[in-house]
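1. Model the structure of this input:
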Amino acid sequence: MFFMSDSIIIIPTYKEKENIERIIRKVLSFDKPFHILIVDDNSPDGTADIVKRLITEFAGKIFLEERKGKLGLGTAYIHGFKWALKRNYEYIFEMDADFSHNPEDLIKLYNKCALEGADVSIGSRYINGVNVVNWPMGRVLLSYYASAYVRFITRMKIRDTTAGFKCYKRIVLESIDLDKIKFTGYAFQIEMKFTAWKLGFNIQEVSIIFTDRTEGQSKMSKHIFKEAVFGVLSLKIKSLFKEYKRKTV
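-> All right, here's what the predicted structure looks like:
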């Protein structure tokens, strides 16, 4: 049986057995019907097996795409975007599996796009001060000033440029050449926002509280931050020689 929904939430996973069932059950508990696409990178801990069990319980609401190895966050989302665009979803979300993104905020992101005119809504940690829980101060400062650096280089007016909790209207992803999105870590999040902004889409931020994971292992690394810092420079330079054209309805 297939249950209709205009919204799909893409959740990339790698070793998320502690979190995946709880996050799925929480998302599917809302009055607003959501579908969930798990993109699993061959988790050795059995994450995909848990999802398969839940698929039998929530048939038509959960979908699983299994990849052969750990290929990176950016490519997982691109895989998910392409999957979603082949189906009739109007709103396509990014969300982490580890509850750092509060599922309750999905409704706010949805409303911002569906009712308030945004083309992209971003769950922002920095639009009202610094709303981060369980991060050491060094990491908070690094993330906060990384966003300030991205704003300075790109001239985007987005406060949380590396945010990974987002809702896209379908037209945005249809207008972006997904095969030309090259970055994989935090720079992927910047590149997607920058491209949508250059295409003239309306990007709005929604204040959220980000809570660092309490179960499982963090995927953060120095390489990911380096990619964000140096990647944004190349992104800006290349944009000076590129023409941006959005899809017309």
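2. Could you use CA atoms for every contact and neighbour count after this?
-> OK.
3. lowest-pLDDT helix or strand in the protein?
-> None of the helices or strands of the chain scores lower by mean pLDDT, DSSP states H and E than helix 222-239, at a mean of 78.
4. does Leu71 really touch Ser43, like I thought?
-> No - the criterion here is Cα atoms under 8 Å, and Leu71 misses it with Ser43 at 11.4 Å.
5. which one of these two has more residues nearby?
-> Ser43 (19 against 13; other Cα atoms under 10 Å).
6. wait, what's in contact with that one?
-> For Ser43, the contact set (Cα atoms under 8 Å, 6 or more residues apart in numbering) comprises Thr13, Tyr14, Lys15, Glu16, Gly69.
7. Can you spell out which residues form a bridge with the residue most central in space within the chain?
-> Among the residues of the chain, the one closest to the centroid is Glu94, at 2.9 Å (Cα atoms, centre = their mean). Legend: beta-bridge partners of Glu94 under DSSP bridges are Ile10, Lys166.
8. what does the average pLDDT come to for stretch 74-82?
-> The pLDDT scores in stretch 74-82 average 96.
9. and what of stretch 119-136?
-> 87.
10. Take it, keep the C-alpha atoms, and write them as PDB.
-> Extracted in PDB, the C-alpha atoms of stretch 119-136 (Å, rounded to 0.1, in the frame of the first residue of the first chain):
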ATOM      1  CA  ASP A 119      11.700  28.200  -1.800                       C
ATOM      2  CA  VAL A 120      14.300  26.900   0.700                       C
ATOM      3  CA  SER A 121      13.800  26.900   4.500                       C
ATOM      4  CA  ILE A 122      16.800  26.400   6.700                       C
ATOM      5  CA  GLY A 123      16.800  25.300  10.400                       C
ATOM      6  CA  SER A 124      19.200  27.900  11.700                       C
ATOM      7  CA  ARG A 125      21.300  27.700  14.800                       C
ATOM      8  CA  TYR A 126      22.400  31.300  14.600                       C
ATOM      9  CA  ILE A 127      19.500  33.500  13.600                       C
ATOM     10  CA  ASN A 128      18.600  34.300  17.200                       C
ATOM     11  CA  GLY A 129      22.000  34.200  19.000                       C
ATOM     12  CA  VAL A 130      23.700  30.800  19.300                       C
ATOM     13  CA  ASN A 131      21.300  27.900  19.800                       C
ATOM     14  CA  VAL A 132      23.600  24.900  20.300                       C
ATOM     15  CA  VAL A 133      23.500  22.300  23.100                       C
ATOM     16  CA  ASN A 134      26.300  19.900  24.000                       C
ATOM     17  CA  TRP A 135      29.000  21.300  21.900                       C
ATOM     18  CA  PRO A 136      32.300  22.300  23.400                       C
END
